[in-house]
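[1] Curious how this folds, go ahead:
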Amino acid sequence: MTKNDRTAVDPKDLEHEEELRQLAMAYPGASEDHPWGECAFKVHKKVFLFVSLGAKGLSLSVKLPHSAQEALLLPFTEATGYGLGRHGWVSASFGSGQRPPMPILAGWIEESYRAVAPKKLLALLDGEAAAPRASKLRKKA
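    You can find the predicted model right below:
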């Protein structure tokens, strides 16, 4: 979305977009990219969250390998297009100015991150100290 397009956006939607950005960027190794005019949040070049903002409101897509079927029961969700829905991707849309259910979305963002993040970063997320390489070698001997 260009800067000119953002002037037509409800200020509350901008706040919600920023909340989602902060949630996504709090994960180890997370980065933000902007393909196709959307925000894509990635870990090791794998997308775990797409966010789109426009005059009609806010939408997002996440990979939910465990809770997709449950998520799809909600009135604001649908299987993500382009064949991604077959692989557990779910999209949620919220009308302009509508408050998204952030606690639910936070859980989905975590599930999506965990679905694509490498094990080393998941260990950091879970507070596990990575054992020094020398310790691992001693255990094998």
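
[2] Now do the buried residues in whichever helix or strand Ser52 is part of.
    In this assignment (DSSP states H and E), Ser52 forms part of strand 46-54. By neighbour count with 16 or more other CB atoms under 10 Å, strand 46-54 contains the buried residues Val47, Phe48, Leu49, Phe50, Val51, Ser52, Leu53, Gly54. Any C-beta I mention is one placed from the backbone N, CA and C, and that applies to glycine too.

[3] Stretch 21-32 too?
    Neighbour counts over stretch 21-32 (16+ other CB under 10 Å) mark Arg21, Leu23, Ala24, Tyr27, Ala30 as buried.

[4] coming back round to it: quick check, distance from the strand holding Ser52 to the centre of its chain.
    7 Å (CA atoms, centre = their mean, to the nearest Å).

[5] Tell me the strands beside it, with direction?
    strand 39-43 (antiparallel), strand 57-63 (antiparallel) (DSSP bridges).

[6] wait, which of the ones you listed is closest to Asp10?
    Closest approach to Asp10 among the strands paired with strand 46-54 is made by strand 57-63 (7.6 Å; CB to CB).

[7] can you pull the alpha-carbon coordinates of that closest one into CSV?
    The C-alpha trace of strand 57-63 is given here as CSV (Å, rounded to 0.1, in the frame of the first residue of the first chain):
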residue,chain,number,x,y,z
GLY,A,57,-10.1,-2.8,6.6
LEU,A,58,-7.4,-5.2,7.8
SER,A,59,-6.8,-8.8,6.8
LEU,A,60,-4.2,-11.4,7.6
SER,A,61,-3.2,-14.9,6.8
VAL,A,62,-1.4,-17.4,9.0
LYS,A,63,-0.4,-21.1,8.7
